[in-house]
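Enquirer: For reference, the sequence and a predicted model appear below.
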Amino acid sequence: MKTMTRRSIPVFFLLAAALAWGQAQEATLNFDPAQTTVNFTLGDVLHTVHGSFRLKTGQVRFDPATNSISGELVVDAPSGNSGSTGRDRKMHKEILQSVRYPEVTFRPDRVDGKVLASGRSAVQVHGMFGILGVEHEITVPARLNSRPIIGVWRSTSRCPT
């Protein structure tokens, strides 16, 4: 768990990677906290650890004509759960300091690459990742898959770790 903050950055970005609207006009994506989770996967010495966090709030605006993106995603740090009480206690106390820093944020500001209207796209999303009271500039790779379904765009996204 000692590398959690570095390795969790791409995983946290999974939410923001859902920007794959692909429409020709600016779009806003409002994330529903009741239906959104942030999943993470961490390599450990003996096995791979999987877990999740709950989203507090999230809204992202994306203009495919200019590749501009803005908004913010706020994750509830104390909600982090890996399925192991001991590991989670250590994660919250020593790594995330969840009592002192109850939120983890991502504010995207730029998309490098083309988001296709339909099909698969590979892009890089740049922004500010806030954890432990400090913001860090990051660029995260995102693979997106967009397809129209009955006039509504549905997207899935995945960030390689």
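Expert: Received, thanks. Numbering: from 1, shown residues only.
Enquirer: could you pull out the strands for the chain?
Expert: 27-30, 37-43, 48-63, 68-81, 103-112, 119-131, 134-149, 152-158 (DSSP state E).
Enquirer: I'd like those strands laid out as JSON lines, including mean pLDDT.
Expert: Below are the strands of the chain laid out as JSON lines (pLDDT from 0 to 100):
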{"stretch": "strand 27-30", "mean pLDDT": "84"}
{"stretch": "strand 37-43", "mean pLDDT": "86"}
{"stretch": "strand 48-63", "mean pLDDT": "92"}
{"stretch": "strand 68-81", "mean pLDDT": "95"}
{"stretch": "strand 103-112", "mean pLDDT": "94"}
{"stretch": "strand 119-131", "mean pLDDT": "91"}
{"stretch": "strand 134-149", "mean pLDDT": "80"}
{"stretch": "strand 152-158", "mean pLDDT": "45"}
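Enquirer: will you turn these into TSV that also has distance to residue 94?
Expert: The C-beta positions use only the backbone N, C-alpha and C, and glycine is treated the same way. As requested, those are arranged in TSV below (distance: least, Cβ to Cβ, whole Å):
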stretch	distance to residue 94
strand 27-30	34
strand 37-43	15
strand 48-63	15
strand 68-81	13
strand 103-112	16
strand 119-131	14
strand 134-149	17
strand 152-158	29
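Enquirer: of those, which approaches residue 97 most closely?
Expert: Residue 97 lies closest to strand 68-81 among those, at 8.3 Å (Cβ to Cβ).
Enquirer: List the strands paired with the closest one, with their directions.
Expert: Strand 68-81 pairs in its sheet with strand 48-63 (antiparallel), strand 103-112 (antiparallel), by DSSP bridges.
Enquirer: And those strands: which comes nearest residue 134?
Expert: strand 103-112 (10.9 Å).
Enquirer: How about the closest one, which residues are buried there?
Expert: For strand 103-112, the neighbour count (16 or more other Cβ atoms under 10 Å) marks 104-108, 111 as buried.
Enquirer: circling back to that earlier point, among the strands of the chain, which comes closest to residue 96?
Expert: Shortest distance between residue 96 and these, using Cβ to Cβ, is found for strand 68-81: 5.1 Å.
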